[in-house]
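Visitor: Any chance you can model this:
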Amino acid sequence: MSKRKAFPLRIDPQLYEILEKWAQDELRSVNAQIEVILKEAAKKSGRMKNSP
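Guide: Down below sits the predicted model:
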């Protein structure tokens with residue numbers, strides 16, 4: 001099992017509401033949705049290679 005790094009995140013309440021709805025639409029938790037968005041951005045920028 002992969003290790004996860006926990007850290008506090010301060011976020012604008014309006015942005016959190018958007019993320020919450022987006023996560024619900026894709027049947028994910030807000031935490032998982034944020035991770036998906038960050039991974040996609042890291043891949044798009046060339047900072048993370050596509051993993052199988």
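Visitor: Helices of this structure, residue ranges please.
Guide: Ranges of helices in the chain, per DSSP state H, are 13-25, 30-44.
Visitor: Return the distance of the nearest residue to residue 43 once chain neighbours are set aside relative to residue 36.
Guide: Residue nearest to residue 43 in three dimensions, not counting chain neighbours: residue 50, with 6.1 Å by C-beta to C-beta, 6 or more residues apart in numbering. Backbone N, C-alpha and C define where each C-beta goes, glycine included. Using C-beta to C-beta, to the nearest Å, we find residue 50 at a distance of 14 Å from residue 36.
Visitor: out of the helices of the chain, nearest to residue 3?
Guide: In terms of C-beta to C-beta, the element of the helices of the chain nearest to residue 3 is helix 30-44, at 13.6 Å.
Visitor: Centre-most residue in the protein?
Guide: Nearest to the geometric centre of the chain sits residue 34, at 1.6 Å (C-alpha atoms, centre = their mean).
Visitor: How about the contacts made by that one?
Guide: Taking C-beta atoms under 8 Å, 6 or more residues apart in numbering, we find residue 34 in contact with 9, 19.
Visitor: if I look at it, how far off is residue 13?
Guide: Taking C-beta to C-beta as the measure, residue 34 falls 15 Å from residue 13.
Visitor: so what pLDDT did the residue nearest to residue 43 get?
Guide: Listed pLDDT for residue 50 reads 72.
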